[in-house]
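Asks: Just need the structure, nothing else, for what follows:
(2 chains)
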Amino acid sequence: MPVKKFVVGCFDDEKTLFPAVKNTRKAGYKIHDLYTPFPIHGLDKAMGLRDTSLHTAGFIYAITGTTTALTFMSWVFTKDWPLNIGGKPHLPLPAFIPIVFELTVLCAAVGMVLTFCYLCQLAPFVKKDHFHLRATDDLMVMPIEITDKTNADEVKAFLQNAGAVEVFEKEAETGWWIGRYDRDRKVFEKEEKTVIA
Amino acid sequence: MSLLKYESQVREPLVDGNKTYHQVTEDICGPVEAAPSRLWWIGFIISVALLLFGVVSIYKEVVYGTGMWNLNKTIGWGWDITNFVWWVGIGHAGTLISAILLLFRQGWRTGVNRAAEAMTIFAVMCAGQFPVWHMGRVWMAFFVFPYPNTRGPLWVNFNSPLLWDVFAISTYFTVSLLFWYSGLIPDLATLRDRAKKKWAKAFYGVTSFGWTGSTKHWQRHESLSLVLAGLSTPLVLSVHTIVSFDFATSVIPGWHTTIFPPYFVAGAIFSGFAMVQTLMLVTRKVMNLEDYITISHIENMNKVIVLTGSIVGCAYLTELFMAWYGASKYEYDIFFKYRIAGPYGWSYWLMMTCNVITPQLFWVKKLRRNIAFTFLMSVVVNIGMWFERFVIIVSSLYRDYLPSSWSVYYRPSIWEVGFYLGSFGLFFTCYFLFSKYFPVIAIAEIKHILKKSGESFKEAMDPLEEQSVDEFVHQAHAHH
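Replies: Predicted coordinates for the structure are as follows:
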């Protein structure tokens, strides 16, 4: 798994954050990601992220649920074991509505949550490197990737100018691994890496 | 700069006090990180004791059968199904707050949604116990699922409302749990990153699923919440509709009415909000969350209570009217001889008083904003709603079509009461654990609305309020 070098800028106000994101992109620096303690509307657009297709996936799961329920019940009552229930028709479509609806909702919800967890790599015992512990409290944390072509000091000065309240360099793992948050060591590491703070 | 960014001063702030983002984190995480208080331990131990009594009661029922509950061939549904409908109804408020109010863009839901959703999940867990143990031979409970079996396969009856109920309740529980937990993940990550103790780091580390707060993840999270809210909205209406079908599709006088679905849904929201009030009033006081669950939140919920209470009252009167107007002898007798009068008449009038008459006092603004009165009313409403289900179930059953089977005075046994108390034990054990170890208020969502609806941020809007519309629009365009 790749360990990369970053210059991290931390902001404490959306008002400075939005122009900073805009200018960083204009300057050609590569924003690795932006970690915020709460959803900030419009930030995804400012970063140039495309819209999520999660709701489309949800729709597909939903119609899967609908067709499963409808075909299964129809098959049971007309082909597999046609029962005479009080002389009612063998294909009582109105009576199928509740279960068809429930299964539609169930499949959509379960499918979407699992897809969400898969896309965001969320699961119990998943561990990731965090750039700043206050990213889930009150700081908006923007790591900028340092490659051979970027000058770290230049980026630092740039972020300070942009209104960052805290700027530092950090080497971080960009993937995830199986681990626990009360243990520091990464499973695939032989020895502790010194982190430049 | 969007004009919608400004919120009128006429609206009360949703978060009181001069809060920063960090202060919000401190206020909500503080009680979670502190050691449990003596009061918490006392409440928790009482709940666990009740739960254990419930376990003993269920043991008696499983070993000796449902006769242990004094159920007989006339009154086959007694306290157990009453409790089932009561608990499911209570659960509805949580979904209403988290889903329907989200779609309606009601900002005030943010202060109470987390705890209300938790309440939903615990209430549905309690509700589920009753039909399951009522089966008697509970080891055959899996027969309700349509699985391939060696009896043909003989499938379940998809026409039966009782089977619809199986699907409705299990879907409702699953979807509510997913909705609640997906909202909880970012807040658990906040607790994880603040944790000092080893167990807390491990526990919140595992439960927060490695959440980082990445913008892309937030974008997906927002999309997920919105779609789950959109799915939960018809779901919550369908669940109590289907519960009401358990009654409405039968041919029992007093059950066989088309008004049941909307009447049940309104009643469910009514009792659910009352339970949210009961829990929130205690929680905000004990955990010092008065800045987040403000008097205005309480007043809003009281408005929902008076609205739904009036709908329920309207339904009661419609039922009586239809029993007379419908000119069905059985229907007329059930309502006018055996329900509002007769040996169970007292329960009907208790229901009327608690659900229809006393909630009307909430038309008075002073009473809507009075904490002690609200607390009292929340308990009264839930007593009334329990009796509503009792009246519907028992007063329709005890004098059926066959006078030789009439069963006057069904009294629950100690084991049936014990089962009910046990469900309270389960509910409050879960709620005590939740309120101690999980954030009872959605931290990220509060931060999201803080700069729009927080008290100090609203005060900053004062100069804007002074302006005329022309000036305001002109200025907003200039900013653009």
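
Asks: How about the secondary structure of the closest residue to chain B within chain A?
Replies: Chain A approaches chain B most closely through A:Tyr181 (2.6 Å), counting by Cβ to the nearest Cβ. To be clear about C-beta, it is placed using only N, CA and C from the backbone, and glycine gets the same treatment. In three-state terms, and counting by DSSP: H, G, I helix; E, B strand; the rest coil, A:Tyr181 is coil.

Asks: same deal with A:Ala172?
Replies: A:Ala172 ends up strand, using three-state DSSP.

Asks: so what's it bridging to?
Replies: Beta-bridge partners recorded for A:Ala172 (DSSP bridges): A:Lys4.

Asks: what domains does the record give for chain A?
Replies: Per automatic domain parsing, the domain ranges recorded for chain A read A:3-35+A:130-178, A:57-119.

Asks: circling back: not counting sequence-adjacent ones, nearest residue to the residue of chain A closest to chain B?
Replies: B:Gly205 (2.6 Å; Cβ to Cβ, 6 or more residues apart in numbering or on different chains).

Asks: For that neighbour, grab the count of nearby residues.
Replies: 25 (other Cβ atoms under 10 Å in any protein chain shown).

Asks: Next, the buried residues of the helix or strand where it lies.
Replies: Assigned by DSSP states H and E, B:Gly205 belongs to helix B:198-207. Residues B:Ala200, B:Lys201, B:Ala202, B:Phe203, B:Tyr204, B:Gly205, B:Val206, B:Thr207 are the ones in helix B:198-207 that count as buried (16 or more other Cβ atoms under 10 Å in any protein chain shown).

Asks: quick one: average confidence on stretch B:390-408?
Replies: Taken as a whole, stretch B:390-408 has a mean pLDDT of 88.

Asks: how long is it from one end to the other?
Replies: 15 Å (Cα to Cα, to the nearest Å).

Asks: about what we covered before: need the contact list for the residue nearest to A:Tyr181.
Replies: If you count contacts by Cβ atoms under 8 Å, 6 or more residues apart in numbering or on different chains, B:Gly205 has them with A:Lys127, A:Arg180, A:Tyr181, A:Asp182, B:Arg192, B:Ala195.

Asks: ok, now with 10 Å
Replies: B:Gly205 makes contact with A:124-127, A:179-183, B:188-189, B:191-193, B:195 under the criterion Cβ atoms under 10 Å, 6 or more residues apart in numbering or on different chains.

Asks: Just the buried ones from these?
Replies: Buried among these (16+ other Cβ under 10 Å): A:Val126, A:Lys127, A:Gly179, A:Arg180, A:Tyr181, A:Asp182, B:Leu188, B:Ala189, B:Leu191, B:Arg192, B:Asp193, B:Ala195.

Asks: Identify the bridge partners of the nearest residue to A:Thr36 once chain neighbours are set aside.
Replies: Distances taken as Cβ to Cβ, 6+ apart place A:Met140 nearest to A:Thr36, at 4.8 Å, with adjacent residues excluded. Beta-bridge partners recorded for A:Met140 (DSSP bridges): A:Phe11.

Asks: OK, contacts around A:Met140?
Replies: Per Cβ under 10 Å, 6+ apart, neighbours of A:Met140: A:9-14, A:16-17, A:20-21, A:34-38, A:40, A:43, A:132, A:134, A:164-165, B:21, B:213, B:215.

Asks: how far away is A:Ser53 from B:Gly230?
Replies: 16 Å (Cβ to Cβ, to the nearest Å).

Asks: List the contacts of the closest residue to A:Ala164 other than its chain neighbours.
Replies: In space, A:Ala164 comes closest to A:Gly9 once its chain neighbours are excluded; the distance is 3.7 Å by Cβ to Cβ, 6+ apart. A:Gly9 makes contact with A:17, A:20, A:24, A:31, A:34, A:131, A:139-144, A:155-156, A:158-160, A:162-168 under the criterion Cβ under 10 Å, 6+ apart.

Asks: A helix includes B:Ala35, no?
Replies: No. Note on B:Ala35: no helix contains this position according to three-state DSSP, which reports coil.

Asks: does any part of the helix or strand where B:Leu421 lies sit near chain A?
Replies: Secondary structure assignment for B:Leu421, by DSSP H and E: helix B:414-437. No. Among the residues of helix B:414-437, none lie within reach of chain A under Cβ under 10 Å from any Cβ of the partner chain; the closest is 15.7 Å away.

Asks: That helix: what's the following helix or strand?
Replies: Heading C-terminal from helix B:414-437 (DSSP H and E), you reach helix B:443-453.

Asks: what helices or strands is that next one leaning on?
Replies: Counting contacts by 3 or more Cβ pairs under 10 Å, 6 or more residues apart in numbering or on different chains; DSSP states H and E, helix B:443-453 packs against helix B:21-33, helix B:109-134, helix B:161-194, helix B:215-248, helix B:455-459.

Asks: Columns mean pLDDT on top of the ones you listed, output as TSV?
Replies: Listed next are the helices and strands packed on helix B:443-453 as TSV, based on pLDDT from 0 to 100:
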stretch	mean pLDDT
helix B:21-33	90
helix B:109-134	92
helix B:161-194	94
helix B:215-248	93
helix B:455-459	71
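
Asks: rewinding a little: show the backbone phi and psi for the residue nearest to A:Ala164.
Replies: phi -110, psi 130 (degrees, to the nearest 10).

Asks: Which pLDDT value belongs to it?
Replies: 92.

Asks: How about B:Val15?
Replies: In this model, B:Val15 carries a pLDDT of 82.

Asks: ok, it to B:Ser468 distance?
Replies: Distance from B:Val15 to B:Ser468, by Cβ to Cβ: 29 Å.

Asks: Counting neighbours, go ahead and name the busier of the two.
Replies: Higher neighbour count among B:Val15 and B:Ser468: B:Val15, with 28 against 8, using other Cβ under 10 Å.

Asks: That one: what's it in contact with?
Replies: By Cβ under 10 Å, 6+ apart, B:Val15 lies in contact with B:23-24, B:27, B:107, B:110-111, B:291-292, B:294, B:441, B:446-447, B:449-458.

Asks: Please identify which helix or strand holds B:Trp211.
Replies: Using DSSP H and E, no helix or strand contains B:Trp211.

Asks: which non-adjacent residue is nearest it?
Replies: B:Ala189 (3.9 Å).

Asks: so who does that neighbour touch?
Replies: With contact set as Cβ under 10 Å, 6+ apart, B:Ala189 has these partners: A:37, A:122, A:130, A:135-137, A:181, B:204-205, B:207-213, B:443-444.

Asks: just B:Ser456 next, same as before
Replies: So B:Ser456 contacts B:Pro13, B:Val15, B:Asp16, B:Gly17, B:Asn18, B:Lys19, B:Thr20, B:Leu450 (Cβ under 10 Å, 6+ apart).
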